[in-house]
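Undergrad: can't give you the sequence, but here's the structure:
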Ligand code: CP
């Protein structure tokens, strides 16, 4: 299925993989996209691999997308959700994971609210780990599926202008997107209220703007993020109504721009706040293509990690 090997045992973050790794994931995802559009959408590649999906935080897209990717690859799958587990009785992360691993699990897909939880685990366990989101830090498979979808819509991303709008401060999607897009040669800007843009973001090599219209005019692609109220212990904006007035993207605004933009959103969308429904559902939007591509990209990541350990069946 794939020529080449990833440079890494785990997928902890985009920061820790190379441009060549990203390109290998994309070329492998291309082949899996063809597979999942066949009448029989399954291959036997991971029939000797057992994967545990550990979700210590809510998820719709990522959890279901990983589970489907694993099943399409014929892996054995177990699912864990912290809300109905013994974590509620005081069990530590490491005890929980070691107990699950003793059931002969090869690979862990984990979402956890603590930034660095995956890095910590990688120092203590032998199984491979895929980060499905760690607090405000990284969400590598989201960035990979975003960049893959951008490339599908616009071709090579070298020199393309991508603006990430919204709550950059609390967004793992923003950070992983920035690392990924810069590695692929795109020009990246972030735009939002000053209180929601980290002070030192420019050191990563991105531009900053507080002006929605000017940034929309600048970019080829707008990746729009929601306000992450669940991660805000103080008020960073006066109200969602005011945020929507200054930073909400609506059809009238898009129609008044010089040229057509591609609109993306990782979900979940707060319709009428960062994005109006008629934009999310318009011909500008590739939001559902992102979700479709997520399965193929995650199949590629799991396949390539298993391949690295000689666990892939022909
Ligand atoms: N994009 C994303 O991570 O969505 P979920 O939180 O639903 O997984």
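TA: That came through, no problem. In this text the structure is predicted, and so the values were computed from the model without any measurement.
Undergrad: Residue numbers of the protein in contact with the ligand?
TA: 59, 60, 61, 62, 133, 139, 142, 266, 267, 268 (Cβ under 6 Å from any ligand atom). (Each C-beta comes from the backbone N, C-alpha and C, glycine too.)
Undergrad: tell me the domain ranges of the chain?
TA: As assigned by automatic domain parsing, the chain contains the domains 14-138+291-308, 140-289.
Undergrad: Now mean neighbour count and mean pLDDT too, for those, in TSV please.
TA: Output for the domains of the chain, formatted as TSV (neighbours: other Cβ atoms under 10 Å; pLDDT from 0 to 100):
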stretch	mean neighbour count	mean pLDDT
domain 14-138+291-308	18	97
domain 140-289	18	96
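Undergrad: would CSV of these with distance to residue 8 be doable?
TA: Formatted as CSV, the domains of the chain follow (distance: least, Cβ to Cβ, whole Å):
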stretch, distance to residue 8
domain 14-138+291-308, 6
domain 140-289, 11
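Undergrad: Minimum distance to residue 4: which of those has it?
TA: Checking these against residue 4 by Cβ to Cβ gives domain 14-138+291-308 as the closest, at 4.8 Å.
Undergrad: and that closest one, how far apart are its ends?
TA: End-to-end span of domain 14-138+291-308 (Cα to Cα, to the nearest Å): 18 Å.
Undergrad: swap in stretch 195-210?
TA: Terminal-residue distance, stretch 195-210 (Cα to Cα): 10 Å.
Undergrad: now stretch 113-130
TA: Termini of stretch 113-130 sit 15 Å apart (Cα to Cα).
Undergrad: what about residue 28, distance to residue 296?
TA: Remark: distance between residue 28 and residue 296 (Cβ to Cβ, to the nearest Å) = 9 Å.
Undergrad: Not counting sequence-adjacent ones, nearest residue to residue 231?
TA: Leaving aside its sequence neighbours, residue 231 sits nearest to residue 170 (Cβ to Cβ, 6 or more residues apart in numbering; 4.2 Å).
Undergrad: Ramachandran angles for the one you found?
TA: Main-chain dihedrals, residue 170, degrees, to the nearest 10: phi -100, psi 10.
Undergrad: Test my guess that it contacts residue 234.
TA: No. Using Cβ atoms under 8 Å, residue 170 makes no contact with residue 234, being 11.6 Å away.
Undergrad: quick one, strands of the stretch 151-300 of the chain?
TA: 161-165, 187-191, 207-209, 221-224, 262-264 (DSSP state E, counting those that start in this stretch).
Undergrad: any chance of the ones you listed in a markdown table, plus distance to residue 20?
TA: Converted to a markdown table, these look like this (distance: least, Cβ to Cβ, whole Å):
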| stretch | distance to residue 20 |
| --- | --- |
| strand 161-165 | 21 |
| strand 187-191 | 20 |
| strand 207-209 | 26 |
| strand 221-224 | 23 |
| strand 262-264 | 25 |
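Undergrad: Of all the ones you listed, which one is nearest residue 74?
TA: strand 262-264 (30.8 Å).
Undergrad: Just the terminal-to-terminal distance for stretch 110-126.
TA: 15 Å.
Undergrad: that older thread, can you tell me which of the residues of the chain next to the ligand are in strands?
TA: Those of the residues of the chain next to the ligand mapping onto strands are residue 133, per DSSP state E.
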